[in-house]
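Asks: fold the following.
(one chain, ligands or ions: 1)
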Amino acid sequence: MASDFLPTAEGLASKRVFINSSCPLCVDGFENAVHLLSCCSVAADCWRMAYLSSLAGSNLDVFSWCKNCLQDLEKEKKELAAMVCWGIWTNRNKMVWHGVKSSPVDLVNQVSNQLVAWSGVRRRTVSDVSRIIDRNDGLVKWRSPATGWIKASTDAAVFQQGEGIAVGCIVRDLKGNIIQTRQQQFLGDFYPRSAELIAIREALSWLKDWHNVVILSRMQWMLFWILNIQFLL
Ligand SMILES: [Zn+2]
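Replies: Below you'll find the model as predicted:
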C-alpha cells in the first residue's frame, strides 16, 4: 500500500489500463490510493468511527501519509489503522465487482471484531492451539460467577432512522436465576459502539450501590478499551 502498488484507477492508468477514474465509493473524486484511504468521504467516516480522525483528509502522497500519520500512533491503533485500510480496499473491490458496499459503521465494526479475534488467536501459546478440540468448544453459554458475586449482563440495540436506542441489563445470581432487569430507551442518532457504552454506563449507574458485581458485555474490544489493556501483544 505504501509503495502505491494498489491497482486503483490511477495505478492502472500508469500501466496504460484505463478504467472509470471516479471513486466507486463516493463517486466524487479521482480514484488513487490516498483518495480511497484518506480523502474519500467514506474513508473519513471510517476513520472517525475508528477514533482515528487524524488519518482523514490527507493532501500527501500515500507513502508520506503512511509515514507521517501512522508513525506517531500507538501500536494497537496502528494495527486498527491497518485493518481499516484493508477494510476500505476490500469494500472498494466489493463495490467495483458486485455493486454493493458496507456502511462505514459496519466496516469498522467488522474489522474491529476481526482484529480482536485475530489478536486473541495470536496470543495463544502453541500448546493452546494444538490441544484436542473439546465437544463444547465454541459453545456460548452462561457461566456462574464466583461465590458471593452476581453477574450483570448488558446489551444495546440501535433502531434505524434515528429512532433511538434501547439499552438493557440483566442481573443473575450464582445459579443463574434472574434477580432484576432494567431497560431504558434514548432518542437520537447513536453509533452501535456508543450504544454499548451507554448500556455499560447505565448498568454501572444503576448498580453503584451493589457490591461484588461482575459486568458483562459482548463487545470484548470495548472492555479492553475501557480498561486500557494492551490487548495487541
Ligand atoms: Zn471517494
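Asks: list the buried residues of stretch 57-74.
Replies: Across stretch 57-74, burial judged by 16 or more other CB atoms under 10 Å covers 58, 62, 65-66, 69-70. Any C-beta I mention is one placed from the backbone N, CA and C, and that applies to glycine too.
Asks: can you name the element that comes right after the least confident helix or strand in the chain by mean pLDDT?
Replies: One helix or strand of the chain scores below all others by mean pLDDT, DSSP states H and E: helix 126-130, with a mean of 47. Next along the chain after helix 126-130, taking DSSP states H and E as the criterion, comes strand 150-158.
Asks: could you give the separation of that following strand from the chain centroid?
Replies: With CA atoms, centre = their mean, to the nearest Å as the basis, strand 150-158 stands 18 Å off its chain's centre.
Asks: for residue 211, give me the pLDDT.
Replies: With respect to pLDDT, residue 211 scores 87.
Asks: what about it, which SS state?
Replies: Classification of residue 211 by DSSP: H, G, I helix; E, B strand; the rest coil places it in coil.
Asks: that one: neighbour count?
Replies: Using other CB atoms under 10 Å, residue 211 has 8 other residues around it.
Asks: pull out the buried positions in whichever helix or strand residue 193 is part of.
Replies: For residue 193, the host element (DSSP H and E) is helix 192-206. Neighbour-count burial for helix 192-206 flags 192-193, 195-200, 202-203 (criterion: 16+ other CB under 10 Å).
Asks: and this structure, which of its residues are near the ion?
Replies: 23, 25-26, 29, 40 (CB under 5 Å from the ion).
Asks: contacts for stretch 10-29?
Replies: Stretch 10-29 is touched from outside by 4-5, 9, 30-33, 35-36, 39-43, 88, 91-92, 95-96, 101, with contacts defined as CB atoms under 8 Å, 6 or more residues apart in numbering.
Asks: roughly how far is the longest helix along the chain from the heart of the chain?
Replies: The longest helix of the chain (DSSP state H) is helix 75-98. Centroid separation between helix 75-98 and its chain, computed with CA atoms, centre = their mean, is 12 Å.
Asks: buried sites along that helix?
Replies: Of the residues in helix 75-98, those buried (16+ other CB under 10 Å) are 76-77, 79-81, 83-85, 87-89, 91-92, 95.
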